[in-house]
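Engineer: Generate coordinates for the sequence data below:
(one chain, ligands or ions: 1)
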Amino acid sequence: MNSRYYTRRDFIKALGFGVAALAVPGCAGISGLRSERHLQPNIVLIMADDMGYSDIGCYGGEIRTPNLDKLAAGGLRFTQFYNTARCCPTRASLMTGLYQHQAGVGHMMEDKGYESYRGDLNNRCVTIAEVLKQAGYSTYMSGKWHVTRYRGPEGPKHNWPRQRGFDRFFGTVHGAGSFYDPCSLTRDNTQIPPDSDDFYYTNAISDNAVTFIREHKTDNPFFMYVAYTAPHWPMHALPGDIARYKGRYAGGWDALRAERHKRMIEMGIVDKKWELTPRDDAVPPWEQAEDKQWFQRRMEVYAAMVDCLDQGVGRIVEQLKQSGQFENTLIFFLADNGGCAEEYGSRDPIKPDPSEDIPLKPMDKNALQPDVQPKVTRDGRPVRTGKGVMPGPADTCIAYGKPWANASNTSFRLYKHWVHEGGISTPLIAHWSKRITARNELRRQPGHLIDIMATCVDVAGAEYPSECRGNKIIPLEGRSLVPAFDNKPIQREAIYWEHEGNRAVRRGKWKLVSRHPGRWELYDIEADRTELADLAQKYPEKVEQLKALYESWEARCGVQPWPIKKE
Ligand SMILES: [Ca+2]
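Structural biologist: Numbers count the residues shown, from 1 in each chain. Reported below is the predicted structural model:
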């Protein structure tokens, strides 16, 4: 089945339902398909976790990503697409088409005492899955959820994927964990232990995504959300993948940043008039770095994690082709935030001390993993963190660290958590052979996560509800990216960010940004996307205009001053 031109009548007939049955139970005022005749693509939304702007090949990286590169070559790469700078808020915004505070996830998973900071999706938002279900889609999810504060086996489960519009779910409810034994691993509504001795989460996410496509036998389209946890810490990767990068980073981070920046200019991803940011003040020159073998290993494992993700993308694409679905599938690929400078598990002396003789304590085969950082591997070996731990295997737990995050975010400033360009810029690849006629082109229209819901609603001919389960739904914030598919502009007032007091607003080429608790900085992003020439003093009236815009957004979305004090 190649084309999918449905009239509303055909569609209802195909499902054997009446109009009323098209609605999500309790969602009033929804009449299913908006257009009488609409091409409904499958939609596959793939996301990486804590990955820098320039890590993958088609954005200038040296990491081997042939499958993502092929999607880019057959479609579009957006050069100014933005996330929220952090895991939970990105997922809340992406899933709902709202800013994260509006969806109730203004920070992370704690209830901070305000409606906009419950750490749990609220009932005034709907997920893409809930909306597309109304338009006749099957809905699948494989990977990391992280938009509810209830991650234990008993829930409450009202905000787990199955209760928020997904027909099938495999993945983790929580946001981080061992790749060999992730905590909160779940199938549908039941938490489970890893199902094999060679379990590796990235491959399990790919396997389940492939299975969902293969087992999709009905004539209706599907939406699938594939949320990888790679390359978020801990640095865990398979030996074969790590081996591919052995020695690749012996030149160090300074050389890597220069090399990437040069390639990005050649590819047109960055403009040659933008100067490469200087090395982070806290990072030593590579020549002065101690323990170079350890540093190299951390980046080798990081690269291997991205490589394995890319292999999974290749398998998903292959299954789409085998199922005859590839041509009419809109595939998006993006990252949830920029490279992560958190020195997780890499500053202190190694613990437990390797000289200590610790007896093996294997876990019960059916035991669930309760911890983000397991105390022991499934076969009972202690899990070690600390300075000098060589990452990769299951008995290690460390991050790749700030120097490499600085390189991941080439050519930009700062990291995950901050809303300068290094924290919020992500690749966005869009591929849809049937509708996107351009091949291997760049798109420079600025966009944000909120646009993904708007685009899904647009291409599916769905309707974004005004009311659901008796609750008024906050109007959609995003804009459809479809005009940009044809290289037309996307009309919008501005894009806004707030995370941990780091704030920004972008209107046209102007970006006003502040690093908490610092003052406002003003940049002309067209002339200086690497944010090196602060124009705030030169254009005080521009600062005032943008500040007023930001403040009205902040009030509208329930943003609280940071740190948040409970009332
Ligand atoms: Ca993340």
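Engineer: residues touching whichever residue of the stretch 151-300 of the chain sits closest to the ion, list them.
Structural biologist: Per CB to the ion, residue 232 is where the stretch 151-300 of the chain lies closest to the ion, at 5.6 Å. Glycine gets a C-beta too; all of them are placed from N, C-alpha and C. If a contact means CB atoms under 8 Å, 6 or more residues apart in numbering, then residue 232 has 49, 50, 87, 175, 176, 340 as its contacts.
Engineer: mind listing which of these are in helices?
Structural biologist: Counted as lying in helices by DSSP state H, out of the contacts of residue 232, are residue 87.
Engineer: what's the farthest-apart pair in the contacts of residue 232?
Structural biologist: Using CB to CB, the two most remote members of the contacts of residue 232 are 175 and 340, lying 12.2 Å apart.
Engineer: Tell me which of these two has more neighbours.
Structural biologist: Legend: neighbour count by other CB atoms under 10 Å for residue 175 and residue 340, higher for residue 340 (29 against 23).
Engineer: Do I have it right that that one meets residue 422?
Structural biologist: No - with contacts counted by CB atoms under 8 Å, residue 340 stays clear of residue 422, the gap being 10.7 Å.
Engineer: which neighbours do these two share?
Structural biologist: Counting by CB under 8 Å, 6+ apart, the residues touching both residue 340 and residue 422 are residue 415.
Engineer: Next up, the contacts around the residue in the chain that the ion sits nearest to.
Structural biologist: Residue nearest to the ion within the chain: residue 87 (3.6 Å; CB to the ion). The contact partners of residue 87, by CB under 8 Å, 6+ apart, come to 49, 50, 108, 144, 146, 175, 176, 232, 336, 337.
Engineer: which residues make contact with stretch 478-487 from outside it?
Structural biologist: Stretch 478-487 is contacted from outside by 76, 78, 97, 430, 432, 435-436, 438, 441, 443, 445, 447-455, 457-459, 489-492, using CB under 8 Å, 6+ apart.
Engineer: Could you tell me the end-to-end distance of that stretch?
Structural biologist: Counting by CA to CA, to the nearest Å, you get 18 Å between the two ends of stretch 478-487.
Engineer: Which positions in that stretch come out as buried?
Structural biologist: Across stretch 478-487, burial judged by 16 or more other CB atoms under 10 Å covers 478, 479, 480, 481, 482, 484, 485.
Engineer: Show me what the helix or strand that contains residue 552 is in contact with.
Structural biologist: Assigned by DSSP states H and E, residue 552 falls within helix 540-557. With contact meaning CB under 8 Å, 6+ apart, helix 540-557 is reached by 99, 101-102, 116, 493-494, 496, 498, 503-505, 507, 510, 512, 520, 522, 535-536, 559.
Engineer: What's the ChimeraX line that selects buried ones from those residues?
Structural biologist: Only the buried entries of those go into this ChimeraX selection, using 16+ other CB under 10 Å:
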select :99,101,102,116,494,496,498,503,504,505,507,510,512,520,522,535,536,559
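Engineer: From the contacts of helix 540-557, which land in strands?
Structural biologist: In strands, defined here by DSSP state E, the members of the contacts of helix 540-557 are 496, 498, 503, 504, 505, 507, 510, 512, 520, 522.
Engineer: and residue 244, how many residues sit next to it?
Structural biologist: Around residue 244 there are 14 other residues, counting by other CB under 10 Å.
Engineer: How about the one 4 residues further on?
Structural biologist: Residue crowding around residue 248 was assessed by other CB under 10 Å; the count is 15.
Engineer: Report the distance from the helix or strand harbouring residue 319 to the chain centre.
Structural biologist: Per DSSP H and E: residue 319 is located in helix 292-322. On the basis of CA atoms, centre = their mean, to the nearest Å, helix 292-322 sits 16 Å off its chain's mean C-alpha point.
Engineer: next SSE after that helix?
Structural biologist: Heading C-terminal from helix 292-322, the first helix or strand you meet, by DSSP H and E, is strand 329-335.
Engineer: What strands flank that next one, and is each parallel or antiparallel?
Structural biologist: The pairing partners recorded for strand 329-335 under DSSP bridges are strand 42-48 (parallel), strand 425-431 (antiparallel).
Engineer: starting at the chain centroid, how far to the first one?
Structural biologist: Centroid separation for strand 42-48 versus its chain: 10 Å, with CA atoms, centre = their mean.
Engineer: and if you look at the last one?
Structural biologist: Its chain's C-alpha centre lies 11 Å from the corresponding centre of strand 425-431 when counted by CA atoms, centre = their mean.
Engineer: Serialize the strands paired with strand 329-335 to CSV and add fields for distance to the ion, mean pLDDT and mean neighbour count.
Structural biologist: CSV is the format used below for those (distance: least, CB to the ion, whole Å; pLDDT from 0 to 100; neighbours: other CB atoms under 10 Å):
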stretch, distance to the ion, mean pLDDT, mean neighbour count
strand 42-48, 8, 99, 25
strand 425-431, 10, 99, 25
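Engineer: Include distance to residue 307 when you put the ones you listed into a markdown table, please.
Structural biologist: Below are the strands paired with strand 329-335 laid out as a markdown table (distance: least, CB to CB, whole Å):
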| stretch | distance to residue 307 |
| --- | --- |
| strand 42-48 | 12 |
| strand 425-431 | 16 |
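Engineer: sorry, back to before: ok, and which of the buried residues of stretch 478-487 reach the ion?
Structural biologist: Residues of the buried residues of stretch 478-487 in contact with the ion (CB under 5 Å from the ion): none.
Engineer: which of these sit farthest apart?
Structural biologist: Checking the buried residues of stretch 478-487 with CB to CB, the most distant pair is 478 and 485, at 15.0 Å.
Engineer: quick one: pLDDT of the closest residue to residue 330 other than its chain neighbours?
Structural biologist: Leaving aside its sequence neighbours, residue 330 sits nearest to residue 432 (CB to CB, 6 or more residues apart in numbering; 4.2 Å). As predicted, residue 432 sits at a pLDDT of 98.
Engineer: Looks like residue 432 contacts residue 42 (just checking).
Structural biologist: No - Residue 432 is beyond contact range of residue 42, at 9.5 Å (criterion: CB under 8 Å).
Engineer: what residues are shared contacts of those two?
Structural biologist: Common contacts of residue 432 and residue 42 (CB under 8 Å, 6+ apart): 328, 329, 330.
Engineer: OK, contacts around the residue nearest to the second one when sequence neighbours are not counted?
Structural biologist: With CB to CB, 6+ apart as the criterion, residue 329 has its nearest non-adjacent residue at 4.1 Å, and that residue is residue 42. Residues counted as contacts of residue 42 (CB under 8 Å, 6+ apart) are 221, 222, 223, 224, 320, 325, 328, 329, 330.
Engineer: Near residue 402, how many other residues are there?
Structural biologist: Residues lying near residue 402 (other CB under 10 Å) number 19.
Engineer: Report the distance from stretch 344-363 to the chain centre.
Structural biologist: On CA atoms, centre = their mean, the centre of stretch 344-363 falls 31 Å from that of its chain.
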